[in-house]
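> quick one, fold the following:
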Amino acid sequence: MKQYFLSALLLAAANMGAVAQNFKDEGRIIPLIKSGEYSPQTFGASQMRWTCPEIEQVLEQLGSMKNDDFKVYANKVKNEFKLYESNQSGSKFVVAQAIFQIEQPRFLEGNLIDHIASWLKRQNGWAKKIDIDKVNRQISAYGSVNIATHAAFFEYYKVFIEPSLVIQLKEDNQLLISFLVSNYRNEAYTSSNESPLSSVSSKIADVYPYVQKSSYKTTYAKALVGTYQYLWGFMLDLRNELNGNFSRDKRLLERFQYEYSKDSLLTKYGEPTNIICDKSVVQDIHRELRFYENAQKVVFMGKTIGFKDIVSCKIDDDPSFIPGRTTTYGTGISFFGFGFGAKETSSTASRTIHNYVVNIKVDNLAAPYIRIVTGENEQKAREIASSFEYILRHQQTTPKKIVTRKKTVVKKNRR
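The predicted structure follows:
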């Protein structure tokens with residue numbers, strides 16, 4: 001396990017800074033829709049569960065060693081959790097590693113990586129250096145975290161660690177979380193100064209409790225205990241995040257719903273002649289205008305409208321006017337229109353914010369009109385209007401068949 005961990009960290013170091021590619025794993029999921037094996041209802045009903053009993057076991061073990069004397073506490077931790085020694089460099093590290101098992105895995109790997117990276121950015125001390133490698137299905141990150149504080153006489157000390165983190169999704173749907181820490185950064189402060197008076201970087205293996213005669217024994221004793229508590233607490237928080245907010249892959253579920261609805265419309269009306277949508281938002285069948293010329297239907301917001309029911313279409317603009325402002329700075333005094341003193345004047349220009357709306361009248365009492373707001377996007381409004389105008393033009397040019405009744409002549413026989 002340790003060798004596996006070191007390999008993962010070395011791979012992360014080699015790939016740090018690499019440009020991430022789009023991970024193409026949809027090919028294994030989308031065919032399930034085509035085959036009819038899943039529907040949005042059956043897919044959404046099941047939940048994933050992320051398990052790792054080792055986290056609770058280690059945290060309980062750390063809790064059982066607790067002692068009011070941190071030096072005693074740290075020595076127990078040192079004896080139970082050995083430092084990892086590299087065969088190549090001889091350097092020693094604090095190592096923490098866990099594997100999350102995934103029950104009922106139904107997710108796109110890229111979505112999982114994105115979700116974890118987004119959560120990681122919100123964690124204190126982790127936002128600055130995060131690299132996403134979707135080719136190797138992993139996240140590599142460096143953090144800076146305060147794990148211990150100790151007051152002594154007129155000063156107090158803050159100890160920071162800068163852990164290397166690798167989160168990697170393995171082929172067998174296991175999520176590997178690996179931490180490696182080699183150094184402490186010990187900063188000295190006073191109550192009257194927010195900036196550190198001094199900062200000392202030391203290897204963990206070169207200070208207490210690994211070196212009994214080192215300085216700052218209590219400070220480093222707290223640091224060792226705090227390091228293990230933080231790393232395993234971090235993994236507990238990550239597992240809780242996944243169970244709470246990634247028990248379903250919402251983006252995949254949205255994709256299922258989209259593909260399922262699209263296929264249903266295809267079966268009903270055939271291939272769409274034209275689709276108008278906002279490409280900047282997530283694919284949503286209810287945010288698309290779908291025109292089916294062969295079936296003479298328009299589908300929008302879950303409603304289906306026949307071409308023959310479209311009465312009119314026009315673009316309206318309901319703009320907002322924001323007047324310009326003039327602001328004067330300074331202590332100038334004005335007497336009868338004459339100014340004295342130093343003044344500076346700043347002004348902003350007036351501007352108009354357009355709000356384009358496409359209004360379509362429909363010969364249908366249940367839905368007599370459609371109102372499509374495109375905001376400041378005039379081009380999109382014209383694109384929508386042009387499609388409806390095409391329908392109206394072809395309605396007008398299509399000759400209507402006049403049905404005439406045949407006259408029946410009844411002849412009377414003369415006698």
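> mind listing what Asn377 touches?
Shown in contact with Asn377 (C-beta atoms under 8 Å, 6 or more residues apart in numbering): Tyr356. C-betas here are computed from N, CA, C, even on glycine.
> ditto for Glu254
282-284.
> with secondary structure, pLDDT and neighbour count added, can I get those residues in JSON lines?
As requested, the contacts of Glu254 are exported to JSON lines (DSSP: H, G, I helix; E, B strand; the rest coil; pLDDT from 0 to 100; neighbours: other C-beta atoms under 10 Å):
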{"residue": "Val282", "secondary structure": "coil", "pLDDT": "73", "neighbour count": "11"}
{"residue": "Gln283", "secondary structure": "coil", "pLDDT": "80", "neighbour count": "15"}
{"residue": "Asp284", "secondary structure": "coil", "pLDDT": "84", "neighbour count": "13"}
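> would you turn those residues into a markdown table with distance to Leu236?
As requested, the contacts of Glu254 are arranged in a markdown table below (distance: C-beta to C-beta, whole Å):
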| residue | distance to Leu236 |
| --- | --- |
| Val282 | 31 |
| Gln283 | 35 |
| Asp284 | 35 |
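> and the pLDDT for the nearest residue to Gln296 once chain neighbours are set aside?
Once flanking residues are discounted, Gln296 sits nearest to Phe307: 4.3 Å by C-beta to C-beta, 6 or more residues apart in numbering. Looking at Phe307, its pLDDT reads 93.
> from what I can see Phe307 touches Val298, true?
Yes: the pair formed by Phe307 and Val298 meets the contact definition of C-beta atoms under 8 Å, at 7.0 Å.
> neighbour count for those two, which is higher?
Counting neighbours by other C-beta atoms under 10 Å for Phe307 and for Val298 shows that Val298 has the greater number, 24 against 19.
> what sits opposite the more buried one in the beta ladder?
Phe291, Ile305 (DSSP bridges).
> okay, now the residue lying closest to Thr190 once chain neighbours are set aside: neighbour count?
Nearest non-adjacent residue to Thr190, counting by C-beta to C-beta, 6+ apart: Glu155, 5.8 Å away. Glu155 has 14 neighbouring residues, counting by other C-beta under 10 Å.
> contacts only, for Glu155.
188-190, 197.
> could you chop this structure up by domain?
2-251, 271-335+344-397 (automatic domain parsing).
> pick the most buried one from these.
domain 2-251 (a mean of 16; mean count of other C-beta atoms under 10 Å).
> avg pLDDT for that domain?
85.
> thought Gly125 was touching Ile147?
No: using C-beta under 8 Å, Gly125 makes no contact with Ile147, being 9.9 Å away.
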